[in-house]
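Asker: I need the structure of the sequence given here:
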Amino acid sequence: MLNKVKTENITRAYIHSYNIAMEITKNPDFAVQIALNVIIAMLAVEPKEPMFNPFQAVIEQMAAQVHKEGSEKEYDRTENEAD
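Answerer: Numbers count the residues shown, from 1 in each chain. This is a model prediction of the structure:
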């Protein structure tokens, strides 16, 4: 999700990329394409924030509960050498 700081950084990167491309190419349409591709590349390599998955949380909680109940289970017979 984009927050204010990230949005401002992306905007600055776009403007900077556009200005550099305009200096080199002198073509506004081409400069827009270059600046957009820079932004797309920046967002593609940026590490993604892990998303909260409610289904995974429920499954993990169920697994923990089953594990807890299983570890507290008492057996009525004792082990012997034949086991």
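
Asker: I'd like the distance from stretch 17-26 to the chain centre, please.
Answerer: Stretch 17-26 sits 32 Å away from the centroid of its parent chain (C-alpha atoms, centre = their mean, to the nearest Å).

Asker: and for stretch 18-36?
Answerer: Remark: stretch 18-36 is offset 31 Å from the chain centroid, using C-alpha atoms, centre = their mean.

Asker: which residues does that stretch contact?
Answerer: 14-15, 17 (C-beta atoms under 8 Å, 6 or more residues apart in numbering). Glycine gets a C-beta too; all of them are placed from N, C-alpha and C.

Asker: next helix or strand past the longest helix seen in the chain?
Answerer: As assigned by DSSP state H, the longest helix anywhere in the chain is helix 4-25. Scanning forward in sequence from helix 4-25 by DSSP states H and E, the next helix or strand is helix 28-45.

Asker: packing partners of whichever strand or helix holds Lys68?
Answerer: Here Lys68 is covered by helix 54-71, with elements defined by DSSP H and E. Other helices and strands packing on helix 54-71, by 3 or more C-beta pairs under 8 Å, 6 or more residues apart in numbering; DSSP states H and E, are absent; none qualifies.

Asker: picking up where we left off before, and the longest helix of the chain, what's buried?
Answerer: Under the neighbour-count criterion of 16 or more other C-beta atoms under 10 Å, helix 4-25 has 10, 14, 17-18, 21-22 buried.
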